[in-house]
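Novice: got a predicted structure plus its sequence, pasted below:
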Amino acid sequence: MTSSPAFPDVHSYANPGHVRVRHVALDLDVDFRTKTLSGSATLHLDRPDPSAPRLLLDTRGLSIGGAESGNGSAWAPAPHELGAADPILGAPLSVELRPGDDRVRVRYTTSPAASGLQWLSPGQTAGKHHPFLFSQSQAIHARSWVPVQDTPAVRLTYEAVVRTPPELVALMGAAGNSTGERGGTYRFRMPQRIPAYLMAIAAGDIAFAPLGGRSGVYAEPSVLPAAAREFADTEKMMASAERLYGPYRWDRYDILVLPPSFPFGGMENPRLTFATPTVLAGDKSLVALIAHELAHSWSGNLVTNATWSDFWLNEGFTTYIERRLVEEVYGREAAAMEAVLGRQDLEEELSRLDDRDEILHIDLAGRDPDEGATRLPYEKGALLLRSLEELYGREDFDRFLRRYFDHFAFQSITTADFLAYLGEHLIGRDGERAASIPIEEWTERPGLPSVAPRPASEALHRVARAAEAWTAGRPEEAEGAFPGWTTQERLQFLRRLPSPLPVDRLAALDAAFGLSASRNAEIAFQFLLMALKGGYPGSDARLEEFLVSIGRRKFIKPLYEELVKTEAGRVRARAIYAKARPGYHPIAVDTVDRIVGPGA
Ligand code: BES
Ligand code: ZN
């Protein structure tokens, strides 16, 4: 069986059926003064249709200095045209090809407002002395820093020469990352074929600490020791993943801890996961995020969604695997708690989403694929896999998944490709059991099938009882147990309290458990949201500090949404956002502009 070409991808202008980019050689200067990358991208082409007269690339906000084409011996200027910019897709760049041309070189400069880059001033870093740059290419932002066929259906290898000021370090999601040497010129090579959304770059005052033979962590020097302690179990996670799903095929697995404006929790850039510092809780309690990004080394990076409508193949599989890894390294109860909290997230999401966004195989035509990035593909997708695991048994299901990754390794596949493979290798052999999986309902309809698994956790069940007692005016049990609870138990406790809570009860809660002051970002976030809902003023200062210092979209979006529900809150939201906005990533700015309104 082969995977289908999956074109057209409604989020790309590329014409890979005619001319296909297979390798990119970047030569880029990192200029913090102008906030630009500039240089060239040399694209090596396959031409499945040799008569096709042009290469079509995706761009967004790039200024094009020129284009040449050639066949390895001679370059000649190539007629090219940058089309009109679409607000979601950016602008197509078409480059004319002569017969026999198999290379195109594009000279370009990025925009200071590139949607896929964030340029931080020294004041926005932990060290305060050096600027910082990082990319975030998923879903369709690679085109804002590389002219490329920015569709996950096209895979390419790349190499890069990157120049920075000599005192800074450049890193990429590739081989060649420095573990100490500086000097300002860095060379990288990505020998495995990846989709453009996995291209990644960062530069700053960055140091390295090894975690094990194949893994390590990069961070600003002052953050590095805490990061190395937090992620000490990374090699164990890798060993578990390999035991379950086959060899790790990317050589090294390193983690780069970014400044707090990173808009996501983590990003699975191959060989170099990018991570938010908000997971550095000090007690490893939030490292499921590393299990998640590591799991993408199989689900996502090895077997990739062919279009953004198939995003659930990346995230649903990864969420399922994440919990299997948590179970391996931290035990059944830890994994069960994550699954219970995940189902709660899903139910909350289901109460807010439109029907069309509750469908795993989502229709994103005319929309920004970032809009499809809700919890739904993660948690509904994971429940589908879990229901298959329960039906066929772990042993058979694990064997199936492992073969699936081998079969589709380094390919980009659609939902239909997965379903065909599932039918052939798991479901098809047993008609009776197959009848009990409403597979079409799972992938094509809104809501959750009634047969969806309901994860349960003994520990969280006990916590829910303590929450009931606390609510009923018997706080002793919770007060006694809280100090011994894990982060997940504390979150469950907060989530199981009535909403909104009266102000005096919020004050009592804060006083008993020090919630406003919590340095655990998940717990602080949960409480700040409850405080807003109940109108408790005791955490106002902490709310402002949180929103100004952290740019992780998962946290800031719900807080701003809650704030703007009242007129007074709207005024506060505007005042806080005026301070916070200059420090937010373009993706976060886009999100919060929609909630609060642009500028203040
Ligand atoms: N690949 C995603 C992040 C992403 C998705 C970026 C869509 C842009 C568009 C990453 O693997 C992820 O899922 N991160 C989660 C954390 C995870 C533990 C659920 C996040 O950032 O919240
Ligand atoms: Zn993910």
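Specialist: Everything's here; your move. Ligands and ions are numbered 1, 2, ... in the order given.
Novice: secondary structure element for the closest residue to ligand 2 within the stretch 501-600 of the chain?
Specialist: Using C-beta to the ion, the single residue of the stretch 501-600 of the chain nearest to ligand 2 is Lys554, 12.0 Å away. For every residue, glycine as well, the C-beta is placed using N, CA and C. In the assignment (DSSP states H and E), Lys554 maps to helix 553-563.
Novice: please apply the same query to Ser436.
Specialist: Ser436 belongs to no helix or strand, assigned by DSSP H and E.
Novice: same deal with Ala170?
Specialist: Going by DSSP H and E, Ala170 is in strand 169-172.
Novice: so what secondary structure elements neighbour that strand?
Specialist: strand 155-163, strand 185-195, strand 201-204 (3 or more C-beta pairs under 8 Å, 6 or more residues apart in numbering; DSSP states H and E).
Novice: helices or strands up against the helix or strand following the helix holding Lys554?
Specialist: For helix 553-563, the succeeding helix or strand toward the C-terminus, using DSSP H and E, is helix 567-580. Counting contacts by 3+ C-beta pairs under 8 Å, 6+ apart, helix 567-580 packs against helix 540-549, helix 553-563, helix 586-596.
Novice: tell me what angle the shortest one forms with helix 567-580.
Specialist: In this case it means helix 540-549. Per axes from the mean of the first three to the mean of the last three C-alpha atoms, to 10 degrees, the angle that helix 540-549 makes with helix 567-580 is 40 degrees.
Novice: could you list the buried residues of the host helix or strand of Leu529?
Specialist: With elements taken from DSSP H and E, the one containing Leu529 is helix 521-534. Buried positions in helix 521-534, judged by neighbour count with 16 or more other C-beta atoms under 10 Å: 521-532, 534.
Novice: now for the residue of the stretch 501-600 of the chain found nearest ligand 1: which residues touch it?
Specialist: Using C-beta to the nearest ligand atom, Lys554 is the residue of the stretch 501-600 of the chain that sits closest to ligand 1, at 5.0 Å. By C-beta atoms under 8 Å, 6 or more residues apart in numbering, Lys554 lies in contact with 264-265.
Novice: any figure for the gap between it and Ser40?
Specialist: According to C-beta to C-beta, to the nearest Å, Lys554 stands 36 Å off from Ser40.
Novice: and if you look at Pro260?
Specialist: To Ser40, Pro260 is 33 Å away according to C-beta to C-beta.
Novice: for Ile88, same thing?
Specialist: Distance from Ile88 to Ser40, by C-beta to C-beta: 27 Å.
Novice: of these two, which one has the most company?
Specialist: It is Ser40, of Ile88 and Ser40, that has more neighbours when counted by other C-beta atoms under 10 Å, with 19 against 16.
Novice: assign a three-state SS to the more buried one, would you?
Specialist: On the three-state scheme (DSSP: H, G, I helix; E, B strand; the rest coil), Ser40 is labelled strand.
Novice: when you give positions from now on, start the count at 57
Specialist: Understood, numbering begins at 57; the last thing we discussed is Ser96.
Novice: does it really touch Arg159, like I thought?
Specialist: No. Under the criterion of C-beta atoms under 8 Å, Ser96 is not in contact with Arg159, lying 11.5 Å apart.
Novice: so where's the stretch 57-206 of the chain shaky on pLDDT?
Specialist: For the stretch 57-206 of the chain, applying pLDDT under 70 flags the ranges 57-63.
Novice: repeat for the chain
Specialist: Along the chain, segments meeting pLDDT under 70 span 57-63, 655-656.
Novice: residues contacting the closest residue to Gln582 other than its chain neighbours?
Specialist: The shortest distance from Gln582 to any non-neighbouring residue, by C-beta to C-beta, 6 or more residues apart in numbering, is to Leu550 (4.7 Å). Listed by C-beta under 8 Å, 6+ apart, the contact partners of Leu550 are 571, 579, 582-583, 586.
Novice: point out the most buried one among the helices and strands packed on strand 225-228.
Specialist: Comparing the helices and strands packed on strand 225-228 by mean neighbour count (mean count of other C-beta atoms under 10 Å), strand 257-260 ranks first with a mean of 26.
Novice: now do that strand: everything it contacts.
Specialist: So strand 257-260 is in contact with 86, 93, 176, 181, 186-191, 201, 216, 218, 220, 224-229, 276, 312, 314, 330, going by C-beta under 8 Å, 6+ apart.
Novice: one more pass at 7 Å, please.
Specialist: Applying C-beta atoms under 7 Å, 6 or more residues apart in numbering, the contact partners of strand 257-260 are 86, 181, 186-191, 218, 220, 224-228, 276, 312.
Novice: equivalent analysis for stretch 264-283, please.
Specialist: Counting by C-beta under 7 Å, 6+ apart, 181-183, 227, 235-236, 260-263, 284, 287-288, 290-291, 294, 308-313, 333, 336 sit against stretch 264-283.
Novice: going through those residues, which ones are buried?
Specialist: When those are checked for burial by 16+ other C-beta under 10 Å, the buried set is 181-182, 227, 260-263, 284, 287, 290, 294, 309-313, 333, 336.
Novice: residue in the stretch 57-206 of the chain nearest to ligand 1?
Specialist: Closest residue of the stretch 57-206 of the chain to ligand 1, C-beta to the nearest ligand atom: Gln194 (3.8 Å).
Novice: and Tyr164, what does it touch?
Specialist: Contacts of Tyr164 (C-beta under 7 Å, 6+ apart): 94, 118-121, 203.
Novice: give me the spatial nearest neighbour of it, chain neighbours excluded.
Specialist: Leaving aside its chain neighbours, Tyr164 sits nearest to Leu118 (4.8 Å; criterion: C-beta to C-beta, 6+ apart).
Novice: which parts of the chain sit against ligand 1?
Specialist: Contacts of the chain with ligand 1, taken as C-beta under 6 Å from any ligand atom, map to 194-195, 320-324, 345, 348-349, 352, 371, 426, 429, 610.
Novice: for Leu300, give me its contacts.
Specialist: Neighbouring residues of Leu300 by C-beta under 7 Å, 6+ apart: 380, 454.
Novice: before we move on, back to that, pick out the most distant pair among the contacts of Leu550.
Specialist: Largest separation among those by C-beta to C-beta: Ile579 and Met586, giving 10.8 Å.
Novice: so Ala537 sits in a helix?
Specialist: Yes. The assignment for Ala537 by three-state DSSP puts it in a helix.
Novice: that one touches Ala522, doesn't it?
Specialist: Yes. With contact defined as C-beta atoms under 7 Å, Ala537 reaches Ala522; the gap is 5.9 Å.
Novice: so those two - more neighbours on which side?
Specialist: When Ala537 and Ala522 are compared for neighbours, Ala522 comes out ahead with 23 against 15, by other C-beta under 10 Å.
Novice: which SS class is the nearest residue to the more buried one once chain neighbours are set aside?
Specialist: Nearest non-adjacent residue to Ala522, counting by C-beta to C-beta, 6+ apart: Ala534, 4.3 Å away. Judged by three-state DSSP, the three-state class of Ala534 is helix.
Novice: what about Ala534, distance to ligand 2?
Specialist: Distance from Ala534 to ligand 2, counting by C-beta to the ion, to the nearest Å: 33 Å.
Novice: count the neighbours of that residue for me.
Specialist: Residues near Ala534, counting by other C-beta under 10 Å, number 22.
Novice: Leu397 now?
Specialist: Residues near Leu397, counting by other C-beta under 10 Å, number 20.
Novice: list the contacts of it.
Specialist: For Leu397, the contacting residues are 544, 547-548, by C-beta under 7 Å, 6+ apart.
Novice: with neighbour count and secondary structure added, can I get those in TSV?
Specialist: Shown next, in TSV, are these (neighbours: other C-beta atoms under 10 Å; DSSP: H, G, I helix; E, B strand; the rest coil):
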residue	neighbour count	secondary structure
Gln544	23	helix
Leu547	23	helix
Gln548	25	helix
